[in-house]
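In: with the input below, show me the fold.
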Amino acid sequence: MHEMSIALAVIGQVEEAAERAGDVTAVRTVHLEVGELAGVVADSLSFCFELACAGTVLEGAELVTDTVPGRARCAPCAHEWAVGMPPSLTCPRCAGGTTELLSGRELRVTRVRWDDGAPSATREPIVQER
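Out: Down below sits the predicted model:
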């Protein structure tokens, strides 16, 4: 189950950001973009995230996953389409097989909300391409 290793990596990134920010008392929400083609089972990831947060500054944090649909572009005719699941990588317009995957493989933390010594605030400390 690679969802546990993903959960641990997300927790590590958020812990590092919280440490850099200083004075973080608790992480409340972590927003994560998950591409439809990333091979991640959202329910399993949420379960693993909850387990792995125990005893950390993220204990009790909510994981919010936003699914990013898979999209592709045909090189010969420039047509773009939703690839779906299972992915259809042959151009529906010209039947070309030379495609560029535009989205759907994302796996990134997009936003984190935490409590610190200041009044409640939403911070966005992590923007990392993968």
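In: CA only for contacts and neighbour counts going forward, please
Out: Fine.
In: give the other helices and strands that the lengthiest helix in the chain contacts.
Out: Of all the segments assigned as helix in the chain under DSSP state H, the longest by residue count is helix 3-21. Using 3 or more Cα pairs under 8 Å, 6 or more residues apart in numbering; DSSP states H and E as the contact definition, the elements that helix 3-21 packs against are helix 42-53.
In: could you list the buried residues of the helix it packs on?
Out: A42, L45, S46, C48, F49, E50, A52, C53 (16 or more other Cα atoms under 10 Å).
In: wait, which of these is closest to L89?
Out: Closest approach between the buried residues of helix 42-53 and L89, by Cα to Cα: A42, at 23.4 Å.
In: buried sites along the longest helix of the chain?
Out: The neighbour-count check on helix 3-21 (16+ other Cα under 10 Å) flags E3, M4, I6, A7, L8, V10, I11, Q13, V14, E15, A17, A18 as buried.
In: ok, now which ones touch E50?
Out: The contact partners of E50, taken as Cα atoms under 8 Å, 6 or more residues apart in numbering, are E59, G60, A61.
In: one more: G22?
Out: Applying Cα under 8 Å, 6+ apart, one finds that G22 lies in contact with D116.
In: go again using 7 Å as the cut-off
Out: Residues near G22 by Cα atoms under 7 Å, 6 or more residues apart in numbering: none.
In: quick revisit: which of the buried residues of helix 42-53 has the weakest pLDDT?
Out: Checking pLDDT across the buried residues of helix 42-53, the minimum falls on A42 at 92.
In: for that one, which non-adjacent residue is spatially closest?
Out: Once flanking residues are discounted, A42 sits nearest to T65: 7.1 Å by Cα to Cα, 6 or more residues apart in numbering.
In: strands paired with the longest strand seen in the chain, and their directions?
Out: As far as residue count goes, and with DSSP state E defining each element, the longest strand of the chain is strand 24-35. In its sheet, strand 24-35 lies beside strand 62-68 (parallel), strand 107-116 (antiparallel), with partners assigned from DSSP bridges.
In: give me whichever of these is most buried.
Out: Among those, the stretch with the highest mean neighbour count (mean count of other Cα atoms under 10 Å) is strand 107-116, at a mean of 20.
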